[in-house]
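In: no FASTA, just this:
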Ligand code: AMP
Ligand code: MG
């Protein structure tokens, strides 16, 4: 039987409550500047498995890990100089870096790959939630698999209502387009894996 989904405004009390639920392994749909995400504690494999269940997402499709600070980057990935350069230029913002994965990140997050996708988002409510949660949060787009990515809390509720307990309402997504994904493991031959809000020309200039 579907359980009710509640939508929360970003009051300090609600943010504290949702951060506590994330730490306890629950899913929370979150606003980001790109599209809404479906977040779980990225270090908790059982919590991350719930993301795949709620979305009906195939387990071979890896998740993006969202971080609050540059210190968290080295806790989940092994960054090189080029990665730090891109991070300084574009974070917080709509750029996702593919880097070698640290063993602390469970296999379910990377879908068994030796790499991990990492991004520092700029949406102020999501940033506050990340800080309060104190752990990196894995989050793909908050839509059922095969559906268009949601850009509002109402859009998330229409797609995943009854399948997730909580949605944090942070207003419409400012960008409304997925993050750009770049594989920067080999700094001399970076690979653009997904076009997005940051253009190839911007990346080339920064590198
Ligand atoms: P979504 O946020 O729903 O677009 O899902 C995240 C996307 O990030 C996945 O569909 C992959 O395309 C990409 N991704 C995540 N981790 C990796 C990785 N380790 N290597 C390559 N692509 C990745
Ligand atoms: Mg998606």
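Out: Noted; the coordinates are in hand. Since this is a predicted model, take the numbers as computed values, not measurements. Ligands and ions are numbered 1, 2, ... in the order given.
In: Phi first, then psi, for residue 175.
Out: phi -90, psi -40 (degrees, to the nearest 10).
In: Same check on residue 73?
Out: phi -60, psi -50.
In: That one touches residue 118, doesn't it?
Out: Yes. Contact criterion Cβ atoms under 8 Å: residue 73 and residue 118 qualify, at 6.1 Å. C-beta: built from backbone N, CA, C; applies to glycine.
In: what about the two, which has more around it?
Out: Counting neighbours by other Cβ atoms under 10 Å for residue 73 and for residue 118 shows that residue 118 has the greater number, 26 against 22.
In: Tell me the secondary structure at the more buried one.
Out: Recorded secondary structure, residue 118: strand (DSSP: H, G, I helix; E, B strand; the rest coil).
In: Show me the beta-bridge partners of it.
Out: residue 65, residue 97 (DSSP bridges).
In: gap between it and residue 76?
Out: For residue 118, the distance to residue 76 equals 6 Å [Cβ to Cβ, to the nearest Å].
In: List the residues that are in contact with both of the two.
Out: Residues touching both residue 118 and residue 76 by Cβ atoms under 8 Å, 6 or more residues apart in numbering: 65, 67.
In: Give the intersection of the neighbour lists for residue 73 and residue 118.
Out: Contacts common to residue 73 and residue 118, judged by Cβ under 8 Å, 6+ apart, are residue 67.
In: give the contact list for the residue most central in space within the chain.
Out: Geometric centre of the chain, nearest residue: residue 139, 3.5 Å, by Cα atoms, centre = their mean. By Cβ under 8 Å, 6+ apart, the contact list for residue 139 reads 30, 32, 37-40, 51, 63-64, 66.
In: for the protein, what spans make up the helices?
Out: Remark: helices assigned in the chain by DSSP state H are 12-23, 45-55, 70-76, 81-90, 107-110, 124-133, 153-160, 200-206.
In: how about these, which one is nearest residue 183?
Out: With Cβ to Cβ as the measure, helix 81-90 is the member of the helices of the chain nearest residue 183 (10.5 Å).
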